[in-house]
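Undergrad: Need a 3D model of the sequence below.
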Amino acid sequence: MAVRRPGAPRSPLSAVATGLAALAAVLAAWSGWSWYAAAHDGTAAFAQDRDRVLAVGEQAVQNMNTLDHADLSHGLDIWESSTTGDLHSQLVQGRAEFTKQVQQAQTVTTAKVLSGAVTELDDRAGRASVMVALRIAVAAPKNTPATKEARMLAELTRTGDGWKLSALGQAPMGDSAANP
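TA: This is a model prediction of the structure:
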């Protein structure tokens, strides 16, 4: 190994290696800062909340459109556990009458989520709205099974147990909003 004398010129290879090492250190520092900034950015947390609200909303809407007369009590328990507020109160108060109607009709309703989207999310207020497209199949004895597609608008409220369905209604289809 050659010893460099003071005042002697540096070798070009040494200068390139030093430059590359400095560049690598700068890139490593920039990458670390970028990663930290992304991990602690409020946008990422909001996106996670939005995804969580969408998943809960889709499941709750599917739950509310799925019911089997042969396992009615369990189905209605799922409805009640998916809801809060006035919607929950209405389900609890009307449960006995609704049970009679479903047992008499002997229907089996199954819903499948086709797509969904969060239309509003106010994390501070604990409110959200979702729109969910469903395919709903209804089977009843003595009737041909029927399948229809529906769009539902759902409102969710954050509770101590997480997000719950607080309102549910049909979304207008086509130009039905313009023609009452």
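Undergrad: neighbours around residue 101, how many?
TA: 11 (other CB atoms under 10 Å). (Glycine included, C-beta is placed from N, CA and C.)
Undergrad: which residues are in contact with stretch 130-144?
TA: The contact list for stretch 130-144 (CB atoms under 8 Å, 6 or more residues apart in numbering) reads 53-54, 57-58, 61-62, 65, 105-119, 145-154, 156, 171.
Undergrad: buried residues in it?
TA: 130-134, 136, 138-139 (16 or more other CB atoms under 10 Å).
Undergrad: what does the average pLDDT come to for it?
TA: With pLDDT averaged residue by residue, stretch 130-144 scores 94.
Undergrad: before we move on, what about stretch 28-48?
TA: 81.
Undergrad: Now do that stretch: distance from first to last residue.
TA: 28 Å (CA to CA, to the nearest Å).
Undergrad: how close does residue 118 get to residue 41?
TA: Separation of residue 118 from residue 41 (CB to CB, to the nearest Å) stands at 19 Å.
Undergrad: show me the contacts for the most centrally placed residue in the chain.
TA: With distances taken as CA atoms, centre = their mean, residue 54 lies nearest the centre of the chain, 1.9 Å away. By CB under 8 Å, 6+ apart, residue 54 lies in contact with 116-118, 130.
Undergrad: where's it relative to residue 48, distance?
TA: 11 Å.
Undergrad: one step back: quick check: PyMOL command selecting the buried ones in the contacts of stretch 130-144.
TA: The following PyMOL line selects those of those that are buried, judged by 16+ other CB under 10 Å:
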select buried, resi 53+54+57+58+61+62+65+107+108+109+110+111+113+116+118+150+151+152+153+154+156
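Undergrad: Which single one of the buried residues of stretch 130-144 is nearest to residue 25?
TA: Checking those against residue 25 with CB to CB, the nearest one is residue 130 at 47.2 Å.
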